[in-house]
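Trainee: just to be clear, the model below is a prediction. Sequence and coordinates:
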Amino acid sequence: MKEAIKIHHQDNVIVALRDFSKGEKIAEDGGSVELKEDVRRGHKIAVKDIAEGEDVMKYGSPIGHATAFIPKGSHVHTHNTKTNLDDLQEYRFEQKLAELPHENRNLTFRGYRRKNGEVGIRNELWIVPTVGCVNGIAEIIIRQFKAEVGDISPFEHIHVLKHQYGCSQLGDDHENTKTILQNVIRHPNAGGVLVLGLGCENNELPALRASLGEYDENRVKFLVSQEVADEMEAGVQALLEIFEAAKDDKREEVPLSALKVGLKCGGSDGLSGITANPLLGRFSDFLIAQGGTTVLTEVPEMFGAETMLMERADNEEVFQKIVHLINDFKQYFIDHNQPVYENPSPGNKEGGITTLEDKSLGCTQKAGQATIVDVLPYGGILKKKGLNLLSAPGNDLVASSALAAAGCQLVLFTTGRGTPFGTFVPTMKISTNTPLYEKKRHWIDFNAGSLIEDVPAEEVLENFIQYIISVASGEPVKNEVNDFRELAIFKTGVTL
């Protein structure tokens, strides 16, 4: 097993794959590096003297510059390295596309075909509140419904998609809530939906219903609580009608090309860009070669790596969309008088990530090498197969919810520190290191740490593909087992 790794031949740092003590030596480029101080796993070590002002190189790119002379063998981190990034930039279209190293294997999974042609990987019954005031009512309706029917099959689960919005919102916040809830109502993982309103909220149920577009009236029902004498009884009756419409639902073989997968990371560490994120990148390339779809978001964590994404734009129109995606999100920070590069988080730094470039270059590994075919606004729905970008912040709950609302049936979530949450679709946790996997088996679904333990990358990828097919065919992931499900909506403005 390797003790440290140099990611790119141009790098002047290596990443520790275990904890080191001062005085230990690491073999490097036919020689050795003697450590001048203790260095923890995931953190960087200088393999040459780095002059003050000189770029610190990782992934073959600058991740910042030295703020003081860094001798060979020293720990390279926030105490001696600073970002190179500025605010708004101008960009030039210089396309560099790659061929994907995979063939179509005509694989399938067992999913649910919907009336509109979409495919779900779950058959769940959801209550979607138009406003947070009715969250409690929804829970009572579910309890009474379960008591009446006993076995909820063919539904696999029934739950309330709780949120705290839908009233006292203006402008973009109101529109974001309305749009995300519309997308949720139409999501293919739902075999049925009861949309539950109060009656006096800004997000009026009749207006939401009118703007919803086409939907299956046997599977989507609406109830305004203030308009009926007993909202619990009326809610149970609506669920019984949906239940009757869904009684014959069954899984069937569908091509892997029907899969739409969100790519997300959170609680990242210094190994994220070495193990778990590259694994997602390889899977993304594989799925796209099968005709499937993947989505990368977390726009602030593209800052510093955005030009690599721009080079992969399918055409100049997509390139311009990426430019607006990046600069519009930077302007959002500027408009709120906040620093654009107030990142990475304390947990990221603890795990070995030093600057935003360091974080972004690791984060974008999740997107593999595929051509970017489209860029979606926040609340946008997937329209093109292939690799898409989606506008959303880095916040784990908001970004994961945005991926699900865009139409992803599954979110792949890499983590080096660990996190238990899940959004309203299966949220598969992939650990960057084996100690985390072993410590948090009740959180983590797949271990990418084996990639630095001499397990061939091809073997890990194949195991990952087969596991994802099993999950898409019904095997629950840990957030589902733990019943951790969240719906978080992006808020930017005034609350009345």
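Mentor: Right, received. Where do you want to start?

Trainee: and the closest residue to Asp285 other than its chain neighbours, how far is that from Leu256?
Mentor: Distances taken as CB to CB, 6 or more residues apart in numbering place Gly368 nearest to Asp285, at 3.9 Å, with adjacent residues excluded. For glycine as for every other residue, the C-beta is placed from the backbone atoms N, C-alpha and C. According to CB to CB, to the nearest Å, Gly368 stands 16 Å off from Leu256.

Trainee: go on, Gly73?
Mentor: Distance from Gly73 to Leu256, by CB to CB: 48 Å.

Trainee: and if you look at Glu462?
Mentor: Distance of Glu462 to Leu256, computed by CB to CB: 14 Å.

Trainee: what's the domain layout of the chain?
Mentor: Domains of the chain are assigned by automatic domain parsing as 4-82, 124-250, 255-481.

Trainee: let me know which of the ones you listed is tucked in deepest.
Mentor: Most buried of those, by mean neighbour count (mean count of other CB atoms under 10 Å): domain 255-481, with a mean of 21.

Trainee: how about the helices of this structure, start to end?
Mentor: Under the criterion DSSP state H, helices of the chain are mapped to 135-149, 171-185, 205-210, 231-245, 276-289, 306-310, 316-335, 346-350, 356-363, 396-405, 434-439, 457-472, 478-481.

Trainee: would CSV of those with mean pLDDT and distance to Lys58 be doable?
Mentor: Formatted as CSV, the helices of the chain follow (pLDDT from 0 to 100; distance: least, CB to CB, whole Å):
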stretch, mean pLDDT, distance to Lys58
helix 135-149, 97, 45
helix 171-185, 97, 36
helix 205-210, 94, 47
helix 231-245, 98, 52
helix 276-289, 98, 13
helix 306-310, 96, 14
helix 316-335, 95, 21
helix 346-350, 92, 14
helix 356-363, 92, 6
helix 396-405, 98, 24
helix 434-439, 97, 22
helix 457-472, 98, 20
helix 478-481, 98, 31
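
Trainee: possible to save the ones you listed as a markdown table with distance to Arg105?
Mentor: Output for those, formatted as a markdown table (distance: least, CB to CB, whole Å):
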| stretch | distance to Arg105 |
| --- | --- |
| helix 135-149 | 41 |
| helix 171-185 | 31 |
| helix 205-210 | 42 |
| helix 231-245 | 35 |
| helix 276-289 | 9 |
| helix 306-310 | 27 |
| helix 316-335 | 28 |
| helix 346-350 | 36 |
| helix 356-363 | 28 |
| helix 396-405 | 25 |
| helix 434-439 | 27 |
| helix 457-472 | 9 |
| helix 478-481 | 27 |
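
Trainee: between these, which gets nearest to Val224?
Mentor: helix 205-210 (5.3 Å; CB to CB).

Trainee: now distance to Lys96 too, for the domains of the chain, in TSV please.
Mentor: Formatted as TSV, the domains of the chain follow (distance: least, CB to CB, whole Å):
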stretch	distance to Lys96
domain 4-82	14
domain 124-250	33
domain 255-481	4
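
Trainee: out of these, nearest to Leu97?
Mentor: Set against Leu97 and scored by CB to CB, those come closest in domain 255-481, at 5.4 Å.

Trainee: can you give me the end-to-end span of that closest one?
Mentor: 26 Å (CA to CA, to the nearest Å).

Trainee: ok, Ile288 to Asp49 distance?
Mentor: Distance, Ile288 to Asp49, using CB to CB: 42 Å.

Trainee: now do the contacts for the residue nearest to Gly120 when sequence neighbours are not counted.
Mentor: Spatial nearest neighbour of Gly120, chain neighbours left out: Pro188 (3.8 Å); criterion: CB to CB, 6+ apart. Listed by CB atoms under 8 Å, 6 or more residues apart in numbering, the contact set of Pro188 reads 112, 114, 118-120, 407, 409.

Trainee: isn't Asn183 right up against Ile381?
Mentor: Yes. Look at Asn183 against Ile381 with CB atoms under 8 Å: they come within range, at 6.2 Å.

Trainee: now the common contact residues for these two.
Mentor: By CB under 8 Å, 6+ apart, the residues touching both Asn183 and Ile381 are 406-407.

Trainee: out of the contacts of Pro188, who's nearest Val318?
Mentor: Closest approach between those and Val318, by CB to CB: Gly407, at 18.6 Å.

Trainee: give me phi/psi at the closest one?
Mentor: Dihedral pair for Gly407: phi 120, psi 0, per degrees, to the nearest 10.
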